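**Student:** What would the 3D arrangement of this be:
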Amino acid sequence: MVQQGGAGGTIRAWVPDLLLQLPEQARPRSSAEGLVAVELAWQGGVLTALRPISAEHSPPDGMVLPRLVEPHAHLDKAFSWSEYPNLSGTYDGAMAANLREHQTRTAELVHARGERALRLACRHGVRAIRSHIDSLGPGAVCSWEALLDLRQHWRDRIDLQLVALLPVEHWSSSDGQRLAAWIASRGGLLGGVIPSPCPGRDMRAALRRLLELAEELGCGVDLHIDEADAYPAAGVGQLLRSMHGLSLSVPVTCSHASSLALLRAEPLRRLADRMAEHQLQVVALPLTNGWLLGRQRDSTPYRQPLAPIRQLQRAGVRVAVGGDNIQDCWFPGGNLDPLALMAASLFKAHLAPWEKLGLEPFSSEAARLMGLIWDGVLRPGAPADLMLLEASSWSEALSEPPRRRVLINGEWLDPFPGHAELQH
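**Tutor:** Numbers count the residues shown, from 1 in each chain. Below you'll find the predicted structure:
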């Protein structure tokens, strides 16, 4: 039930107990899936009250989640699969198609892709996105211009973070240092690709220079690392060696980290402990990694590398889960729907949202990894940024993407758009 009046309103709905902050004496018993019947009230864009609904009242027929976040995307190449497909589904095929696509970019084209992606994400209940941008080559400048413009235009609805994606070695050059200063002045992050097996001192020196540069400029780092089905943890090993003796205050994120799953249990435990000690963060990307990695000609793979989420969590490493690509040459699917990503992660990563370690990578831990002010926990004083689902259980919410309404700063978007409106 939804009631609206003036600048405020109320909702009676099922809410995940894990995302609800109530006084202990007021906390009601939750369902088997960890959902609690609650009335939420807001005024002026802020939650003002959360009241448990007693068993004497009829149970709610909807479910409320905070607006969620997307910690890893590529808006610059979104929706480009039809023009630049990778029908082989291989990493090399994706790279070749990406290079061809990059040559054709214009600011208008990237702006149109980004606008479409942001509209889709907003309707799906996303409040923040971290997008990596191809930042070397003829399409780099126009991509940054377009996405910086969109960041400004969408700032009241979606927090858009931008990361420079290029070979790590480039940051050691004079051009790279100038680019880093330019990106830092615009609130961006430094990133890069560390291709496996990445041996030798040169790679460590390049990584160390990147980290020093980020610390000097005060901007975070987010790396594409160990996106491979061989050479277990080669990139993270080099990163940890490059960090020896460095004192860093900026966050360092390892996106992908897929080949860590190829380590045996004890070496993985030791590596995860070292990652936690150095406060490394990880974004696991099950969709693209499941599509690209572990391929065997004419055979169905029985082992597909994916960041070992639970082992990292157990060591104290912060882990988020992201959707990565949006209908481009790296993955033909993807639509910036956090509920579809959660549903896929049920079977890809055994992450169940009624468990703390299964829900946090999509909610509070993802928000903290991105450095957002609000951790996504519903409490008085939190933003009235919600999505109301036509579902009364996790099973209903994840069996197919539910229709939903989205509340932003206490104001509803237009009711439940149809599929065609979301896609165009």
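
**Student:** My guess is Ser242 contacts Leu211. True?
**Tutor:** Yes: counting by C-beta atoms under 8 Å, Ser242 does reach Leu211; the two are 6.7 Å apart. (C-beta placed from N, C-alpha, C; glycine too.)

**Student:** pretty sure Leu341 is in a strand, no?
**Tutor:** No: using DSSP: H, G, I helix; E, B strand; the rest coil, the assignment for Leu341 is helix, not a strand.

**Student:** For it, give its distance to Ile326.
**Tutor:** Distance from Leu341 to Ile326, counting by C-beta to C-beta, to the nearest Å: 12 Å.

**Student:** Next, Tyr41: secondary structure please.
**Tutor:** You called it Tyr, but residue 41 is Ala. Three-state call for Ala41 (three-state DSSP): strand.

**Student:** per-residue pLDDT, it?
**Tutor:** Note on Ala41: pLDDT of 97.

**Student:** mind listing what it touches?
**Tutor:** Listed by C-beta atoms under 8 Å, 6 or more residues apart in numbering, the contact partners of Ala41 are 8-10, 47-51.

**Student:** Distance of Pro308 relative to Val168?
**Tutor:** 23 Å.

**Student:** Can you tell me the SS state at the residue nearest the centre of the chain?
**Tutor:** Centroid check for the chain by C-alpha atoms, centre = their mean gives Pro71 as the closest residue, at 2.1 Å. At Pro71 the chain is in strand, as set by three-state DSSP.

**Student:** distance of it from Trp412?
**Tutor:** 26 Å.

**Student:** Next: Ala384.
**Tutor:** Counting by C-beta to C-beta, the gap from Ala384 to Trp412 is 10 Å.

**Student:** what's the answer for Leu306, then?
**Tutor:** 37 Å.

**Student:** which of these two has more neighbours?
**Tutor:** Leu306 (23 against 14; other C-beta atoms under 10 Å).

**Student:** show me where the stretch 201-350 of the chain has strands.
**Tutor:** Per DSSP state E, counting those that start in this stretch, the stretch 201-350 of the chain carries strands over the ranges 221-225, 252-256, 280-284, 318-321.

**Student:** CA-only coordinates of the third one in PDB, if you can.
**Tutor:** In PDB, the C-alpha atoms belonging to strand 280-284 read as follows (Å, rounded to 0.1, in the frame of the first residue of the first chain):
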ATOM      1  CA  LEU A 280      42.300  -4.100  -1.500                       C
ATOM      2  CA  GLN A 281      38.700  -4.200  -2.600                       C
ATOM      3  CA  VAL A 282      37.300  -6.500  -5.300                       C
ATOM      4  CA  VAL A 283      34.500  -6.300  -7.800                       C
ATOM      5  CA  ALA A 284      33.400  -9.700  -9.000                       C
END
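
**Student:** The residue nearest to the centre of the chain against Val319, yeah?
**Tutor:** No: the criterion here is C-beta under 8 Å, and Pro71 misses it with Val319 at 10.0 Å.
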